[in-house]
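just a sequence and a predicted model for now, questions to come.
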Amino acid sequence: MKFPKLFLFLILFGCISFYAIGQEIRDSTSLNATSEQVTDAIMMMQEQELIDSVIRAEVQKEIQNASGDRSRIAELEARLREMNFNDSMLRVNTLAALEKLRKSAVGFPVAPFNDTLFHIYLKVASFKPAQRSLAISERIIHLYEDPFYSADSLRVVEGDYTCDIFYGSSEVIMSITPNDALWYQKDALQIAREYRDLIANEISKERVANSFKNWMIRIGLVLLIFFCLALLIFLINRLFRFVNKLLNKNQDKYLNGLTIAKVRLLTQEQFQRFVMRFTNVLRIIAIIIALYLSLPLLFSVFPETKDWTRTLISWTMAPVRSIVHGIVSYLPSLITVLVIFFIFRYTIKAIRYFVDEIAAGNIRIASFHADWAHPTFNILQFLMYALMLVLIFPYLPGSSSPAFQGVSVFIGILFSLGSTSAIANIMAGYVITYMRPFKVGDRVKIGEVTGDVMEKTMLVTKIKTIKNEDVTIPNSAVLSSSTINYSTNTELDSDGLILNTTVTIGYDVPWKQMHQALIIAANRVPSILKTPAPFVFQTSLDDFYVSYQINAYTREANKMQEIYSQLHCCIQDACNEAGIEIMSPHYNSLRDGNHTTIPNDYLGKEYKSPGFRMDQTGK
């Protein structure tokens with residue numbers, strides 16, 4: 001299994017290498033093309049100047065020969081002036097083209113010791129700029145390696161066409177051509193002297209830097225850096241070891257589990273294990289940072305590795321610089337976002353103040369109930385925050401990027417698909433709020449559930465039944481089902497809630513007596529109102545009995561079951577006191593010889609069960 005992985009790695013490495021080489025070749029080709037443009041422009045100007053000089057000499061010769069012909073002399077002088085004008089225009093155009101090329105041209109550096117001394121832009125004969133810069137660098141290195149090198153032997157020799165930098169009497173280091181002088185817009189001799197001084201100073205500096213004394217100093221610095229690094233790692237380990245011992249020693253104080261809002265997320269053992277692993281990760285990160293920071297110091301000791309130092313620092317500073325630049329460039333947009341945020345925030349606070357006053361009853365608006373205040377405020381708050389986000393969105397960093405927009409669309413679709421039922425319940429909650437079918441504390445019946453409303457939110461309504469059962473009903477179900485509110489008419493400005501129960505009594509009991517007994521029973525219940533007075537309906541006349549319905553008023557709807565129970569007890573007592581048997585006859589009863597169904601406590605002492613009466617029939 002290892003060979004295929006190694007083979008794939010080599011293929012990948014080779015592809016990357018070939019890509020890098022190809023990129024370098026393309027860059028070199030591009031630079032050479034720019035150099036060719038520069039050289040061609042200069043050569044074209046020089047060739048034209050050479051041709052014009054030959055023609056100018058011939059014209060001047062003809063002027064001398066035509067000394068007596070004034071018209072011919074005037075014609076030749078006009079031609080000469082035209083040639084001079086064309087030459088000056090050609091030079092101006094060429095210099096303008098060179099100036100344009102100078103802004104975009106990239107030269108080949110002469111850097112024998114990794115520090116660039118100067119750049120080569122133009123070719124000389126068949127030597128391209130890259131070849132010239134490489135050859136000059138190699139000659140400078142050769143001088144540096146010469147044990148008998150003397151800076152005084154570097155001299156500038158001005159020739160007929162070029163200015164050359166010689167070492168000694170015969171070794172040419174480089175040549176400055178008129179084309180180079182034209183490119184730099186300087187005198188060739190001046191350029192040669194500047195380059196000679198640069199080369200001499202660089203060789204001297206490099207020799208001093210690589211002397212035996214400096215090498216000993218560098219080795220000492222390297223050892224010092226290693227010693228400081230080892231000491232720092234030792235101190236980091238000791239510090240974290242001390243912290244771990246301190247935490248283990250005071251486990252009950254520092255590692256007594258993790259609890260948030262009275263919810264225990266981690267036990268003491270789990271929290272201790274987590275903290276120990278976390279401190280170990282911090283220790284490793286601290287050691288890695290120490291190693292990383294020591295590498296630039298180590299590489300900066302040797303001239304050959306100073307570029308590595310800059311690379312390592314750039315790896316760290318480039319992201320930091322990018323972040324800082326992003327923050328600074330975002331400041332104007334951030335100020336705009338903050339202004340929008342604070343305007344909406346204090347506007348919402350002002351609206352909240354009026355809403356609280358309306359809810360408290362201090363401010364009254366016609367046809368606007370106080371309990372509508374906070375739900376209406378919630379709607380306004382949501383709309384204002386939505387508008388604020390719409391205004392802020394263009395100023396968010398990365399808001400115009402396709403990735404940001406794609407994520408926004410995805411979240412919107414996800415929210416739309418996943419919150420259908422929730423939105424239906426929220427809309428139903430607002431409809432219920434403005435319909436006002438009930439409020440918290442009311443005794444209601446929703447569908448088959450009867451109880452007191454304990455909580456009303458935008459999503460659900462919570463009801464506690466008389467059996468202390470908590471029932472949660474979605475608002476959409478509340479809106480789609482019928483709702484009976486028993487507490488609506490229990491206020492002081494209304495007559496009260498009418499409770500009713502039905503008793504069936506045989507036809508042998510006078511209805512007036514039954515009415516009186518039921519009203520007496522209702523008035524005995526403490527929670528039944530005396531005014532309005534209870535009343536009785538005869539709801540049906542059946543085959544064997546009459547149905548009597550007692551109706552009574554109460555303001556305590558939350559005690560309905562208790563009131564019904566007390567009313568039934570009082571009805572029994574009142575009927576027994578009136579000598580009324582509560583029966584709904586569906587059977588045949590022989591009254592002779594049977595004891596009455598009235599309890600003995602309500603019978604007189606003289607009462608005796610009657611005997612059976614026998615009638616004889618016949619002849």
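Thanks, I have the structure now.

quick one: the host helix or strand of residue 208 to chain centroid distance?
Per DSSP states H and E, residue 208 falls inside helix 188-209. In terms of Cα atoms, centre = their mean, to the nearest Å, the centre of helix 188-209 is found 56 Å from the chain centre.

in it, what counts as buried?
Buried positions in helix 188-209, judged by neighbour count with 16 or more other Cβ atoms under 10 Å: 188, 191-193, 195-196, 199-200, 202-203, 206. C-beta coordinates here come from the backbone N, C-alpha and C atoms, glycine included.

need these in CSV with distance to residue 159 and pLDDT, can you?
What follows is these, written out as CSV (distance: Cβ to Cβ, whole Å; pLDDT from 0 to 100):
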residue, distance to residue 159, pLDDT
188, 10, 86
191, 14, 89
192, 10, 89
193, 15, 90
195, 15, 90
196, 15, 90
199, 19, 89
200, 21, 89
202, 24, 87
203, 24, 86
206, 29, 82
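
may I see those residues organised as JSON lines, with distance to residue 121 added?
As requested, the buried residues of helix 188-209 are exported to JSON lines (distance: Cβ to Cβ, whole Å):
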{"residue": "188", "distance to residue 121": "14"}
{"residue": "191", "distance to residue 121": "12"}
{"residue": "192", "distance to residue 121": "16"}
{"residue": "193", "distance to residue 121": "19"}
{"residue": "195", "distance to residue 121": "14"}
{"residue": "196", "distance to residue 121": "19"}
{"residue": "199", "distance to residue 121": "18"}
{"residue": "200", "distance to residue 121": "23"}
{"residue": "202", "distance to residue 121": "20"}
{"residue": "203", "distance to residue 121": "23"}
{"residue": "206", "distance to residue 121": "25"}
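
show me which of those residues is closest to residue 182.
residue 188 (9.2 Å; Cβ to Cβ).

contact partners for that closest one?
158, 162-163, 176-178, 180-181 (Cβ atoms under 8 Å, 6 or more residues apart in numbering).

which one is it nearest to, not counting chain neighbours?
Of all residues not flanking residue 188 in the chain, residue 181 sits nearest, at 4.1 Å (Cβ to Cβ, 6 or more residues apart in numbering).

pretty sure the one you found is touching residue 191, no?
Yes: counting by Cβ atoms under 8 Å, residue 181 does reach residue 191; the two are 6.2 Å apart.

just the ones of the contacts of residue 188 in helices?
Judged by DSSP state H, the subset of the contacts of residue 188 located in helices is 178, 180-181.

show me where the stretch 251-400 of the chain has helices.
251-254, 268-299, 306-360, 373-392 (DSSP state H, counting those that start in this stretch).

and residue 348, how many residues sit next to it?
17 (other Cβ atoms under 10 Å).

can you give me the strands in the stretch 1-150 of the chain?
108-110, 118-120 (DSSP state E, counting those that start in this stretch).

and the stretch 501-619 of the chain, by the same measure?
Under DSSP E, counting those that start in this stretch, the stretch 501-619 of the chain gives strands at 535-541, 545-554.

just say which of those is most tucked in.
Of these, the one with the most neighbours on average (mean count of other Cβ atoms under 10 Å) is strand 545-554, at a mean of 20.

next, the angle strand 535-541 makes with that strand.
Angle, strand 545-554 to strand 535-541, by axes from the mean of the first three to the mean of the last three Cα atoms, to 10 degrees: 150 degrees.

for strand 545-554, packing partners?
strand 497-506, helix 511-524, strand 535-541, helix 560-577 (3 or more Cβ pairs under 8 Å, 6 or more residues apart in numbering; DSSP states H and E).

mean pLDDT added to these, as TSV?
Below are the helices and strands packed on strand 545-554 laid out as TSV (pLDDT from 0 to 100):
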stretch	mean pLDDT
strand 497-506	93
helix 511-524	94
strand 535-541	95
helix 560-577	94
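
a markdown table for those, including distance to residue 433?
Below are those laid out as a markdown table (distance: least, Cβ to Cβ, whole Å):
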| stretch | distance to residue 433 |
| --- | --- |
| strand 497-506 | 24 |
| helix 511-524 | 37 |
| strand 535-541 | 37 |
| helix 560-577 | 26 |
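
looking at those, which is nearest to residue 212?
helix 560-577 (107.9 Å).

could you report the neighbour count for the closest residue in space to residue 313 that isn't next to it in sequence?
Distances taken as Cβ to Cβ, 6+ apart put residue 296 closest to residue 313, at 5.7 Å, once the chain neighbours are dropped. Residues near residue 296, counting by other Cβ under 10 Å, number 17.

got the angle for the following helix or strand past the helix holding residue 208 vs helix 188-209?
The helix or strand immediately downstream of helix 188-209 is helix 212-249, counting by DSSP H and E. Here helix 212-249 runs at an angle of 60 degrees relative to helix 188-209 (the same axes, to 10 degrees).

and the helices in the stretch 1-150 of the chain?
Going by DSSP H, counting those that start in this stretch, the stretch 1-150 of the chain shows helices at 2-65, 70-104, 129-145.

weakest of these in terms of mean pLDDT?
Here the lowest mean pLDDT among the helices of the stretch 1-150 of the chain goes to helix 2-65, at a mean of 53.

on that earlier part again, adding distance to residue 54, write the strands of the stretch 501-619 of the chain out as JSON lines.
Formatted as JSON lines, the strands of the stretch 501-619 of the chain follow (distance: least, Cβ to Cβ, whole Å):
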{"stretch": "strand 535-541", "distance to residue 54": "139"}
{"stretch": "strand 545-554", "distance to residue 54": "131"}
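
right, and those - which one's nearest residue 111?
Using Cβ to Cβ, the strands of the stretch 501-619 of the chain put strand 545-554 closest to residue 111, at 104.0 Å.

would you check how far apart residue 530 and residue 554 are?
11 Å (Cβ to Cβ, to the nearest Å).

swap that for residue 164, sorry
With Cβ to Cβ as the criterion, residue 164 and residue 554 are 123 Å apart.

again with residue 335
Distance from residue 335 to residue 554, by Cβ to Cβ: 65 Å.

now do the domain split for the chain, please.
If you go by automatic domain parsing, the domain ranges for the chain are 2-104, 108-210, 213-301, 307-411, 424-485, 490-586.

to residue 609, which of those lies closest?
Per Cβ to Cβ, nearest to residue 609 of the domains of the chain: domain 490-586, 14.9 Å.

run the chain-centre distance for that closest one.
68 Å.

please name the nearest non-neighbouring residue to residue 116.
Per Cβ to Cβ, 6+ apart, closest to residue 116 is residue 109, 4.2 Å.

contacting residues for that neighbour?
Counted by Cβ under 8 Å, 6+ apart, residue 109 has contacts 116-119, 133.

partner residues bridging it?
residue 119 (DSSP bridges).

so residue 202 touches residue 112, yeah?
Yes: proximity of residue 202 to residue 112 meets the contact threshold set by Cβ under 8 Å, at 7.2 Å.

next, show the common contact partners of the two.
Going by Cβ under 8 Å, 6+ apart, residues that sit against residue 202 and also against residue 112 are residue 140.
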